[in-house]
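**Q** Mind folding the following:
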Amino acid sequence: MTARHSMVHPINRVLPAGLGCLWMLGTLSRMPTQAAGVLLPVQTDGFGTTMPGQPSGFSATQTAGHSISDLGDSLIQGLKLTPSFSTSYNSNISPNQNVTNGTAKDDFIMSLGGNLDYLSKAADFTFGGNYRGNYNRYFNHTDLSGYNQGGGVVANYNGGRFSISGTAGMSVDRGNNSNYASAFVEQTTINSSLTARYRLSPKTSLQGTFSQVYTSATGGYSNTSSLSFDASALWKYSPLTEFGPGVRYTYRSGSTQLGRTSIGPTLNLNYKLSEKVALNSRVGVDFASYDDGTSADPTISASLGLSYQASKLWGLDFSLYRDTQADPSTAGAYTETTSLRLSSHHKIHRAMWNLGASYQINNSIRPGSSSGSSIPERDFLSFDTSLSMLTFANTTNVSIFLQFNDQRGATTGTWNSVQTGFSLSRSF
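**A** Numbering: from 1, shown residues only. Sure, this is the predicted structure:
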């Protein structure tokens, strides 16, 4: 239950965009609109194409079961099984949206699960699949106990001038989710994407990406759908840098929302210096209208992933996401989400220490007859840290972790939680 750059998994480092392709497969079994990104990005001229997607909203650490993105460069060809166990304490698992004037409900959670990964590589073609699942047992609030699971497939072809990748995945996850005003929900997500890139010349490439995400949740919340298509022309300014203009089309909708169509120009910039520095970015302006014919104010969309690997001992990652989606927690509303994530990883002898901070603002607007009337914004703050170590011939990972989450809003009040615990996983 993680979001890549909002409420992230502190146990294992999640690599940023632009540092390879195999680790991205795990996004298939993760959360909603994050999956709108490309999972196995087309790699041409040394530039990756994947950038951060919308945060999943889940505030709790995924304490058992992981995805391929957590394995990083350790992913190898063939079949891999990784069972895992964890136990944790959460200071607030209240299923209510507003606990400002109430008593937070804490609990101990035990989780048992694992991951099954498969990867096959043959010449220019790569195919992979992933399933992750775990059962969370709440000791005091047994009605919240249940399964989290997800899986997906990915295929990639790189034939030199032409590259194409496609993904499809589905996940079911439970927990407190900021997209639903931090209520405890069970969310189902279905996603797919297709990316193609063609090199016209040594310095010029054309690229197009199509993605689709559908989400639903228990509790009477709105079902939401997101469809995006963007195309760009990229010029290789130097062996390290490429940039170029593009155009993006989106259609967002929900079971309680008017459909929202947008189209606008984008500017793309990618930079990669070996494995030390990598940057993938896109910024654009969206001109939108709703299905009833009313227009919306122009909005800024952006997605940026930056990685700096200073040495073999430490590095920094930064991500930025900004976009507009249907708001599942407010009938008839859309939300403009801005999310920032800064994290560091430090190798200390045989251990890895991770430290991160995330900040997110959701600014909702009601379109149509309300003439875009604004709803008070909600903001979310998260700090997380973990210390992990590989043992038993590098087959077993032992981790301890700590995470703090805080939500504030004029209509939802204040909600915060602290989670701490340890996890154990072994690869076969």
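**Q** Which strand or helix spans residue 112?
**A** Following DSSP states H and E, one finds residue 112 within strand 107-122.
**Q** Each with direction, which strands does that strand pair with?
**A** Strand pairing for strand 107-122, determined by DSSP bridges: strand 78-90 (antiparallel), strand 125-138 (antiparallel).
**Q** For the shortest one, list every residue counted as buried.
**A** Spelled out, it's strand 78-90. Neighbour counts over strand 78-90 (16 or more other Cβ atoms under 10 Å) mark 80, 82-88, 90 as buried. For the C-beta atoms, the positions are set from N, CA and C on the backbone; glycine is no exception.
**Q** now do the last one
**A** Residues of strand 125-138 classed as buried: 126, 128-134, 136, 138 (neighbour count, 16+ other Cβ under 10 Å).
**Q** Turn the residues you listed into CSV, columns for distance to residue 144 and pLDDT.
**A** Below are those laid out as CSV (distance: Cβ to Cβ, whole Å; pLDDT from 0 to 100):
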residue, distance to residue 144, pLDDT
126, 39, 90
128, 33, 93
129, 30, 94
130, 26, 93
131, 23, 95
132, 20, 94
133, 17, 95
134, 14, 94
136, 8, 93
138, 5, 92
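**Q** Format those residues as JSON lines; extra columns: distance to residue 362.
**A** Output for the buried residues of strand 125-138, formatted as JSON lines (distance: Cβ to Cβ, whole Å):
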{"residue": "126", "distance to residue 362": "37"}
{"residue": "128", "distance to residue 362": "33"}
{"residue": "129", "distance to residue 362": "34"}
{"residue": "130", "distance to residue 362": "29"}
{"residue": "131", "distance to residue 362": "31"}
{"residue": "132", "distance to residue 362": "27"}
{"residue": "133", "distance to residue 362": "29"}
{"residue": "134", "distance to residue 362": "28"}
{"residue": "136", "distance to residue 362": "26"}
{"residue": "138", "distance to residue 362": "27"}
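**Q** ok, back up a step: in the strand holding residue 112, what's buried?
**A** For strand 107-122, by 16+ other Cβ under 10 Å, it's 107, 109-115, 117-119.
**Q** Note down every partner strand of the helix or strand in which residue 186 is found and its orientation.
**A** Per DSSP H and E: residue 186 is located in strand 183-201. Applying DSSP bridges, strand 183-201 is found paired with strand 162-177 (antiparallel), strand 204-217 (antiparallel).
**Q** The strands paired with strand 107-122: which one's closest to residue 389?
**A** Proximity to residue 389 (Cβ to Cβ) singles out strand 78-90 among these, at 15.0 Å.
**Q** Show residues contacting the closest one.
**A** Outside strand 78-90, the residues that touch it by Cβ atoms under 8 Å, 6 or more residues apart in numbering are 60-61, 63-66, 106-120, 134, 401, 417-428.
**Q** Now residue 291. Its backbone dihedrals?
**A** phi -60, psi -20 (degrees, to the nearest 10).
**Q** Which helix or which strand is home to the residue nearest to it when sequence neighbours are not counted?
**A** Nearest residue to residue 291, sequence neighbours excluded (Cβ to Cβ, 6 or more residues apart in numbering): residue 259, at 4.1 Å. In this structure, residue 259 sits in strand 257-273 according to DSSP H and E.
**Q** What is the nearest of the buried residues of strand 125-138 to residue 148?
**A** Nearest to residue 148, judged by Cβ to Cβ, of these is residue 134 at 5.5 Å.
**Q** And for the closest one, nearest residue in space, chain neighbours not counted?
**A** In space, and not counting its chain neighbours, residue 134 is closest to residue 113: 2.4 Å by Cβ to Cβ, 6+ apart.
**Q** Test my guess that the one you found contacts residue 133.
**A** Yes. Residue 113 is in contact with residue 133 according to Cβ atoms under 8 Å; the separation is 5.2 Å.
**Q** now the strand holding residue 186, how far from the chain's geometric center?
**A** Relative to its chain's centre, strand 183-201 lies at 10 Å (Cα atoms, centre = their mean, to the nearest Å).
**Q** And stretch 418-428, by the same measure?
**A** So, by Cα atoms, centre = their mean, the centroid of stretch 418-428 is 20 Å from its chain's centroid.
**Q** what does stretch 257-265 give?
**A** Per Cα atoms, centre = their mean, the centroid offset for stretch 257-265 relative to its chain is 22 Å.
**Q** buried stuff in it?
**A** Neighbour counts over stretch 257-265 (16+ other Cβ under 10 Å) mark 257-258, 260-264 as buried.
**Q** repeat for stretch 284-296
**A** Result for stretch 284-296 [16+ other Cβ under 10 Å]: buried residues 284, 286, 288-290, 296.
**Q** before we move on, back to that, JSON lines please, covering the buried residues of strand 107-122 and showing distance to residue 302.
**A** Below are those laid out as JSON lines (distance: Cβ to Cβ, whole Å):
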{"residue": "107", "distance to residue 302": "38"}
{"residue": "109", "distance to residue 302": "35"}
{"residue": "110", "distance to residue 302": "40"}
{"residue": "111", "distance to residue 302": "35"}
{"residue": "112", "distance to residue 302": "39"}
{"residue": "113", "distance to residue 302": "35"}
{"residue": "114", "distance to residue 302": "36"}
{"residue": "115", "distance to residue 302": "32"}
{"residue": "117", "distance to residue 302": "32"}
{"residue": "118", "distance to residue 302": "35"}
{"residue": "119", "distance to residue 302": "32"}
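**Q** Among the residues you listed, which one sits closest to residue 343?
**A** For the buried residues of strand 107-122, the nearest to residue 343 is residue 115 (21.8 Å; Cβ to Cβ).
**Q** Name whatever forms a beta bridge with the closest one.
**A** So, taking DSSP bridges as the rule, residue 115 has residue 82, residue 132 as bridge partners.
**Q** I'd assumed residue 130 was in contact with it.
**A** Yes. Taking Cβ under 8 Å as the definition, residue 115 is a contact partner of residue 130 at 7.2 Å.
**Q** quick one: which of the buried residues of strand 78-90 is nearest residue 301?
**A** Nearest to residue 301 among those: residue 90, at 33.7 Å, using Cβ to Cβ.
**Q** Could you tell me how far residue 261 is located from residue 224?
**A** From residue 261 across to residue 224, the span is 15 Å (Cβ to Cβ, to the nearest Å).
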